[in-house]
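Kindly return the folded structure for what I paste below:
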Amino acid sequence: MLHKRLQLTLLAAALLAAYPHAQAQTQTPDEEATQKVVVVGSRAAARSELDTAVPVGLVGAKDLASTGTLELGKALQELDPSFNFSTTFISDGTDIIRPATLRGLGPDQLLVLINGKRRHQQALVNVQQTVGRGSAGTDINAIPMSAISRIEVLRDGAAAQYGSDAIAGVINIVLKEGPGKGLASIGGSTTSEGDGALLHKSAPAAAKLRRG
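Next up, the predicted model:
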């Protein structure tokens, strides 16, 4: 009888010892969802889609407008850390058509797409002592920001998908579609001694559909 009681006591003790361990292994749905959060050390809002095969940077129209600049290249430079849009002085035509680079590579190694179709490169060759000397990139400022819906930036694996002209990466500019999404804008600037002023106004363009 004593031996049987001892066995029951040991069995009960083993169950009590195993129960907290089993309870610790059980997770609530909230705890499981919390474990999926990835923190990369930035206080800025996430601008990359991580569910794709490779990370793709996403820049929306509101993000571009929040920069306060009128140039697409300058706005994208503020929003994407791997994109650079240098400003040059006394560099012939490079002062007007400035080189756009990605990941520190040449302007001709960056592929620019418009709605998934290749955008032609500029005719100007950078021959001065500037970024991208000896190459001809894409005039990214030729696309107005008011016509852009979003911008997709592909960095890793771009050359494997699009060829050797996408070694630096791919920038796909997706334009707005449908009526009533355009903007009418007007701007002007003036310079004075030691100062200047820049004015830019825009408003939604009303689209009228006629039935005939």
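
S135 belongs to a helix, doesn't it?
No - per DSSP: H, G, I helix; E, B strand; the rest coil, S135 lies outside any helix segment and is coil.

going forward can the numbers begin at 44, since that is how I track them
New numbering, starting at 44: the last item is S178.

List the contacts of it.
Listed by Cβ atoms under 8 Å, 6 or more residues apart in numbering, the contact partners of S178 are 142, 149-151, 168-169. (C-beta placed from N, C-alpha, C; glycine too.)

Just give me the neighbour total for the closest residue to it other than its chain neighbours.
Leaving aside its chain neighbours, S178 sits nearest to D151 (4.1 Å; criterion: Cβ to Cβ, 6 or more residues apart in numbering). Residues lying near D151 (other Cβ atoms under 10 Å) number 21.

same deal with G147?
Residues contacting G147 under the criterion other Cβ under 10 Å number 9.

Of the contacts of S178, just say which sits nearest to L242.
P142 (28.1 Å; Cβ to Cβ).

wait, what's in contact with the closest one?
128-129, 150, 169, 173-175, 178, 180.

And the contacts of S178, which two are furthest apart?
G149 and V168 (12.0 Å).

the more surrounded of the two?
G149 (19 against 16).

mind checking which helix or strand S245 is in?
Assessed by DSSP states H and E, S245 sits inside strand 238-247.
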